[in-house]
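> the following comprises the amino acid sequence and a computationally predicted model.
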Amino acid sequence: MVNQMKEINVNSNPAELRQMLDYLGVAAFVIDVISANEFRLAAINARHEQLSGMKHDEVAGRSVDVLLSPGTVALLKANYRRCVQEKAATDYQETLDLPIGRTYWQTSLVPFFDQAGKVTRLLGTAYEISDQVHLELEARYQSTVMSVYLDESPDGILVVDANNRIKTWNRRFLEIWHISEAIMAAGDGEAALGAVVEQLAEPDSFVRRIKELYVSLNEEEQGVRIQMKDGRILERYSRGLHAPEGHYWGRIWFYRDVTELQRMTEQLLHMSQTDPLTGIANRRVFMERLHEEYRRAQRYKHNLSVLMLDLDHFKQVNDRNGHATGDTVLREFVRVITPEIRASDCFARLGGEEFAILLPESRLGSARQFAQRLCQAVAALTFDSPQGAFGVTVSIGVATLCDSDASPEQLINRSDKCLYAAKSEGRNRVRPRGDTDDCEEPEKRLNPGL
């Protein structure tokens, strides 16, 4: 081998150089140092040909400038010059754009000297490390993607291992929980839990549930709402982390601040259930409550009464005084009625000047007396307008659930019939007059807006 190395140093025959390099068993090449800026490829061996895609007969004796791309050549020359200048073996990793594509190498250069001590030739041996580099690049890529995801995620993310040691977290987690990075960096899951319990509206149930999930390794949790003392609402998602073979690795937690979402949801729900002008329940809510109370009354044999209310001559109010004044009348009407409504009752605007009141567990007599008080309270209202002061009155129909009622609609129909009876008799009154639901269909139903 020593003699071969001497031969490599002085042999100028490319074919013989190739044969010598083949004995090395690894990808090998010889570089002739022409000057500080010119290097020629004297020979490559069979292993080099196999890995690089180059052919010895095509590259032997040619300058590296014409064999490789300018960017690759610049890096090669820098390593060659370093070996020449240091006059010592040089190791480095390099990236080469070769005929077979981009490859990665771990390369070693050994300098050869002439009698004057000048470096005239370099022997290179190389091991391809493309697979290793690709794995490292993929791992680096995955790590970068995960880091970006953690930093940019709107969720606060926490990962703990099987021993409840903190493995990783993101910036948003610190922001949501108002917890210091020093506590997290210590890695103690129990200490971190203790640092946040004072922020919770219900800390005991929170801690109990956390501990349950650490025991229930396969249990997932989705969309659990957490009330904070400062008024915020968090939403929690969690699942166990397992290896492909089923071994438990730990648990990942996601926390999201849904305070604004909750506020918007409640606002939309309120809008869907409320009459925008008067602020009381709308028709949809009234009908839902009516069906609920009807089922409850049927099941427990409770009383259930309904009042149908209609402001008298309301169309004339709008025509004479304008719709803005009409809106004021409706709001004042509701203001007067609302204090009389029990928590169990439902007061709703069905549309226009028509209203309804649902009275659970009320008999016809008490419902009629209640309606009479409302009728008197409304009659006491007065309003100012450019056309002069005026008042309003209301007609009210009352009905109570009967054993023969097959649906809540029948109850509504009877109260509606009584309302029109009150209208036909002159308005500003309650029908029925007594404790018996004795309203009959009037010969001519009057328009309640007249």
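Yep, that arrived. Residues are numbered from 1 along each chain as shown.
> shaky segments in this protein?
Within the chain, the ranges that satisfy pLDDT under 70 run 1-7, 137-150, 435, 437-450.
> what's the domain layout of it?
Here the domain assignment for the chain is 2-131, 153-261, 276-431, based on automatic domain parsing.
> please identify which of those domains is closest to His270.
Smallest distance to His270 across the domains of the chain (C-beta to C-beta): 9.6 Å, for domain 276-431. All C-beta atoms are positioned from the backbone trio N, CA, C, and that covers glycine.
> turn the domains of the chain into TSV, including mean neighbour count and distance to Leu269.
Shown next, in TSV, are the domains of the chain (neighbours: other C-beta atoms under 10 Å; distance: least, C-beta to C-beta, whole Å):
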stretch	mean neighbour count	distance to Leu269
domain 2-131	16	58
domain 153-261	15	12
domain 276-431	18	11
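> Throw those domains into a markdown table and include distance to Leu268, thanks.
Shown next, in a markdown table, are those (distance: least, C-beta to C-beta, whole Å):
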| stretch | distance to Leu268 |
| --- | --- |
| domain 2-131 | 56 |
| domain 153-261 | 11 |
| domain 276-431 | 13 |
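> distance from stretch 382-392 to the middle of the chain?
Distance of stretch 382-392 from the chain centroid (C-alpha atoms, centre = their mean, to the nearest Å) equals 54 Å.
> what about it, start to end distance?
One end of stretch 382-392 to the other measures 7 Å (C-alpha to C-alpha, to the nearest Å).
> how about the nearest residue to Thr90, chain neighbours excluded?
Nearest-residue entry for Thr90: Cys83, 4.0 Å, with adjacent residues in sequence omitted and distances by C-beta to C-beta, 6 or more residues apart in numbering.
> the one you found: what's it in contact with?
For Cys83, the contact set (C-beta atoms under 8 Å, 6 or more residues apart in numbering) comprises 89-90, 109, 111, 119, 122.
> that one falls within a helix, correct?
Yes. Judged by DSSP: H, G, I helix; E, B strand; the rest coil, Cys83 forms part of a helix.
> what's the spacing between it and Lys167?
In this view, Cys83 and Lys167 are 44 Å apart by C-beta to C-beta, to the nearest Å.
> for Ala191, same thing?
15 Å.
> before we move on, what about Val66?
53 Å.
> which parts of the stretch 101-250 of the chain are helices?
Here the stretch 101-250 of the chain has its helices, by DSSP state H, counting those that start in this stretch, at 130-152, 171-177, 181-185, 189-196, 203-215.
> can you redo those as JSON lines with distance to Ala422?
Converted to JSON lines, the helices of the stretch 101-250 of the chain look like this (distance: least, C-beta to C-beta, whole Å):
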{"stretch": "helix 130-152", "distance to Ala422": "66"}
{"stretch": "helix 171-177", "distance to Ala422": "59"}
{"stretch": "helix 181-185", "distance to Ala422": "71"}
{"stretch": "helix 189-196", "distance to Ala422": "62"}
{"stretch": "helix 203-215", "distance to Ala422": "54"}
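> let me see the contact set for the most far-flung residue of the chain relative to its centre.
The C-alpha centroid of the chain is most remote from Gln115, which lies 74.5 Å away (C-alpha atoms, centre = their mean). Under the criterion of C-beta under 8 Å, 6+ apart, Gln115 has no neighbours.
> can you put the contacts of Cys83 in JSON lines and add distance to Gln19?
Output for the contacts of Cys83, formatted as JSON lines (distance: C-beta to C-beta, whole Å):
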{"residue": "Ala89", "distance to Gln19": "23"}
{"residue": "Thr90", "distance to Gln19": "25"}
{"residue": "Leu109", "distance to Gln19": "21"}
{"residue": "Pro111", "distance to Gln19": "22"}
{"residue": "Val119", "distance to Gln19": "24"}
{"residue": "Leu122", "distance to Gln19": "19"}
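> over to His302: give its phi and psi.
His302 has phi and psi values of phi -90, psi 160 when expressed as degrees, to the nearest 10.
> quick one: residues in contact with the host helix or strand of Thr325.
Secondary structure assignment for Thr325, by DSSP states H and E: helix 323-337. For helix 323-337, contacts defined as C-beta under 8 Å, 6+ apart pick out 277-280, 311, 314, 317-318, 347, 349, 353, 355, 357, 374, 377-378, 381, 383, 385, 392, 394.
> tell me which of the helices of the stretch 101-250 of the chain lies nearest to Leu75.
So among the helices of the stretch 101-250 of the chain, helix 130-152 is nearest, using C-beta to C-beta, at 15.2 Å.
> Gln262 belongs to a helix?
Yes. Under three-state DSSP, Gln262 falls within a helix.
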